[in-house]
Structure formats: structure tokens, C-alpha cells
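Participant: Build me a model:
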Amino acid sequence: MKREKQEFSQQEAERVRPNNPEAVRLGEKSTQDPEIAVNISDKRSSPTATDIILTSHEHNDFTPESIINRNELQLQMSQFSLQSQEKLEMLHGNNVRLQKMLNVKKTFHTLQEGYSKLIKASRETNKKRNKVL
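Facilitator: A predicted model of the protein is given here:
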């Protein structure tokens, strides 16, 4: 089953390529740009950015320009990933600080309630003591 699926995927990839005359004869809409050979009429799933990048790499002839472009793309993707990781760490740090502040606020509120109850009880005790005297 897995082998059949792989063979089907390979056959599908061959059929979808824009330089394949069979794809044109079948009336398939495929992009004419060899950089992005994605079958537009395929309704099963829409291509992801990774699919498009991988598909575009299949058709490059490994010229120095294409290698440089790929390397620049990989560099941009890794820089974006690094920036995202830094932002995530910063947000995590902010979250930890906010959680600590929230805990302090809850503790303060609890202490304030306890202090208010203590003062109220002290006043009631003083009133009772004054009535007895």
C-alpha cells in the first residue's frame, strides 16, 4: 500500500511538471514557471510553502545563481526562525515576570483582607470590652 502510494506520488509529480506535454493535453492547469511547478487544479490539498520550495528545487539546474538563491533563502528562513525563537523566549520571560507579579498581587490582596478582618474583630472586641466597663 505504501509502495503504491509512493509510486502514485511519483507518477503524479511527473504528470504535473509544466514541461510535460501530457499535463497540457489533459487540460491540467499547471504553472508555466519552472520555479514553482504546482498543480493548481489539484483540490485534494493546497501546497504549503515547503512543497513549493521543494518543488522549485527539483527543477533548478544547480547553476551557481540557483545555489546562491537557495542558500539565501535558507539563511533568511534560519534568521526568521532565530528571531521567532528570541521573541518566544522574551515572551516567556515576560510571562514569568507577570505570573510572579500576579502572585504578589494575590498575596497582597489576601494579606489586606486578613488585616481588614483582624481590625474589624479588634474593634468588635474593644466595643464589647467598653460595654462591660
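
Participant: From now on I want contacts and neighbour counts done on CA atoms only, so please keep to that.
Facilitator: Fine.

Participant: what's the burial count for Ser66?
Facilitator: 13 (other CA atoms under 10 Å).

Participant: And Ile67, by the same measure?
Facilitator: For Ile67, using other CA under 10 Å, the count is 14.

Participant: Quick check: it vs Met77, distance?
Facilitator: As for Ile67, its distance to Met77 is 15 Å (criterion: CA to CA, to the nearest Å).

Participant: Please apply the same query to Phe108.
Facilitator: 46 Å.

Participant: just Glu65 next, same as before
Facilitator: 18 Å.

Participant: cool, and Glu124?
Facilitator: 69 Å.

Participant: In the chain, what helix or strand scores lowest on average pLDDT?
Facilitator: helix 21-25 (a mean of 48; mean pLDDT, DSSP states H and E).

Participant: I'd like to know how many residues surround Arg70.
Facilitator: 16.

Participant: go on, Leu88?
Facilitator: Count around Leu88 with other CA under 10 Å applied: 12.

Participant: repeat for the one 4 residues further on
Facilitator: Summarising burial for His92: neighbours were counted as other CA under 10 Å, giving 12.
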